[in-house]
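Novice: Dropping a prediction and its sequence here:
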Amino acid sequence: DENKATETTLKLGVVLARHFLKEDRPGAALKVLEGFRSQNDPEINYYLGIVYRQQGDMESAVAAFRDAVDLATANVALRYNLAILYQRTNEDQLALNQYREILKTGKPGNVYVERARRNITAVENRLRRFTSTLRYDTSLGDTTVDDEVREIETSSFISTVNYNLATRFRPRKNTVLTLD
């Protein structure tokens with residue numbers, strides 16, 4: 001049967017690619033995996049994403065993981081890996097979307113669901129680029145009380161307003177930062 005032969009060949013390709021990855025031969029793994037990419041298999045795309053990430057090609061890694069998620073939408077492990085890549089490429093809103101989807105579709109107690117729950121706070125904080133605090137203090141200087149006249153004398157009144165504004169900055173690729 002042709003379908004069974006294709007499925008077996010695909011499985012052998014994945015096994016061979018995993019073997020090359022274990023031997024730290026990502027180039028050989030990539031050649032095997034790219035030969036099977038047209039099969040639209042989430043596992044092939046997953047390993048392609050791994051190889052691209054190891055080689056530093058984040059754009060291709062994101063594309064491969066996105067394809068894998070499109071083919072296996074309920075797979076929270078694939079979504080988690082895609083979310084991590086989005087974070088590494090400063091696409092925090094896309095990462096947050098993946099983490100939220102993991103929480104919606106994943107089973108409680110699943111390791112990826114718990115990791116997503118932890119990572120959401122960090123991503124949300126980065127998306128809130130500015131934080132601020134406002135504090136108001138008052139104080140009285142030398143104060144004397146005259147009980148006979150029922151009068152309070154104050155030599156000074158101090159009012160202080162403190163406003164602190166902070167920003168979180170993550171440089172993107174090819175960002176030049178100049179400080180004067």
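Specialist: Now that the structure is in, tell me what you want to look at.
Novice: Run through who's touching the one helix or strand residue 112 maps to.
Specialist: Element membership of residue 112, judged by DSSP states H and E, is helix 111-127. The contact list for helix 111-127 (Cβ atoms under 8 Å, 6 or more residues apart in numbering) reads 76-77, 79-80, 83, 87, 92-93, 95-96, 98-100, 102-103, 106-107, 168, 170. Every C-beta, even on glycine, is put in place using the N, C-alpha and C of the backbone.
Novice: Figure out how far that helix is from the centre of its chain.
Specialist: 7 Å (Cα atoms, centre = their mean, to the nearest Å).
Novice: that older thread, generate a ChimeraX selection restricted to the buried subset of the contacts of helix 111-127.
Specialist: Restricted to buried positions by 16 or more other Cβ atoms under 10 Å, the ChimeraX selection for the contacts of helix 111-127 reads:
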select :76,79,80,83,87,92,95,96,98,99,102,103,106
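Novice: Sort out which of the contacts of helix 111-127 are in helices and list them.
Specialist: 76-77, 79-80, 83, 87, 92-93, 95-96, 98-100, 102-103 (DSSP state H).
Novice: where in the protein is pLDDT low?
Specialist: 129-132, 140-157, 165-180 (pLDDT under 70).
Novice: which residues touch residue 44?
Specialist: 10, 13-14, 33, 36-37.
Novice: Check which helix or strand it maps to.
Specialist: Using DSSP H and E, residue 44 falls within helix 42-54.
Novice: So what touches stretch 57-66?
Specialist: So stretch 57-66 is contacted by 45-46, 48-50, 52-53, 78, 81-82, 85-86, 88-89, 91 (Cβ under 8 Å, 6+ apart).
Novice: Quick check: closest non-adjacent residue to the residue nearest the centre of the chain.
Specialist: The residue lying closest to the centre of the chain (Cα atoms, centre = their mean) is residue 87, at 3.1 Å. The shortest distance from residue 87 to any non-neighbouring residue, by Cβ to Cβ, 6 or more residues apart in numbering, is to residue 95 (4.6 Å).
Novice: Enumerate every residue touching the one you found.
Specialist: Taking Cβ under 8 Å, 6+ apart as the test, what residue 95 contacts is 83-84, 86-87, 119, 123.
Novice: As JSON lines, these with distance to residue 28 would be great.
Specialist: Listed next are the contacts of residue 95 as JSON lines, based on distance: Cβ to Cβ, whole Å:
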{"residue": "83", "distance to residue 28": "28"}
{"residue": "84", "distance to residue 28": "25"}
{"residue": "86", "distance to residue 28": "28"}
{"residue": "87", "distance to residue 28": "29"}
{"residue": "119", "distance to residue 28": "33"}
{"residue": "123", "distance to residue 28": "35"}
